[in-house]
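> sequence plus predicted model, see below.
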Amino acid sequence: MNWTQFLLGVIAVYGIYYALNVLYDLFIHRRAPTTGDGGNELVFDEDSPPERVVSEPSKVAIEPMVKDGKSVISSGPLQSTGGITIKELVSLAQNNVIEYTKAIPY
């Protein structure tokens, strides 16, 4: 028996096994009764009416800070958009937008 015959035998056995599994799923499981979602339904017993929530305006006024007689313009509130991908990180490092201290592995 050489490697070609051995691999063809393994492929034949796997093909028969796969075909039997497909036939089993098609014919045997078709007869089984279906049970909706299997009882994985989440139910809450208490009913609470919706409440309207109104935000109050901020009472603290944000004023630019003054340093050495010069006013500093605020850039506004900081926001984050979440994480970035490795591709974006490499692009930012190549464009000198961020500072990195070690080489980025490829």
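On my side now, so go ahead. Since the model is a prediction, treat every value here as computed from it, not as a measurement. Numbering: from 1, shown residues only.
> average pLDDT for stretch 86-96?
The pLDDT scores in stretch 86-96 average 83.
> just stretch 57-72 next, same as before
61.
> same deal with stretch 17-33?
Averaging pLDDT along stretch 17-33 yields 82.
> which residues sit against it?
Contact with stretch 17-33 is made by no outside residue, as judged by Cβ atoms under 8 Å, 6 or more residues apart in numbering. C-beta here means a position set from N, CA and C on the backbone, and glycine is covered the same way.
> extract the CA atoms of that stretch and return them as PDB.
Once non-C-alpha atoms are left out, stretch 17-33 reads as follows in PDB (Å, rounded to 0.1, in the frame of the first residue of the first chain):
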ATOM      1  CA  TYR A  17     -19.200   9.100   7.000                       C
ATOM      2  CA  TYR A  18     -20.100  12.600   5.800                       C
ATOM      3  CA  ALA A  19     -22.800  11.300   3.500                       C
ATOM      4  CA  LEU A  20     -24.400   9.200   6.300                       C
ATOM      5  CA  ASN A  21     -24.400  12.300   8.600                       C
ATOM      6  CA  VAL A  22     -26.200  14.300   5.900                       C
ATOM      7  CA  LEU A  23     -28.800  11.600   5.300                       C
ATOM      8  CA  TYR A  24     -29.300  11.200   9.000                       C
ATOM      9  CA  ASP A  25     -30.000  15.000   9.400                       C
ATOM     10  CA  LEU A  26     -32.300  15.000   6.400                       C
ATOM     11  CA  PHE A  27     -34.500  12.000   7.200                       C
ATOM     12  CA  ILE A  28     -34.300  11.300  10.900                       C
ATOM     13  CA  HIS A  29     -34.400  14.900  12.300                       C
ATOM     14  CA  ARG A  30     -37.200  15.900   9.900                       C
ATOM     15  CA  ARG A  31     -39.600  13.600  11.800                       C
ATOM     16  CA  ALA A  32     -38.700  15.100  15.200                       C
ATOM     17  CA  PRO A  33     -41.200  17.700  16.400                       C
END
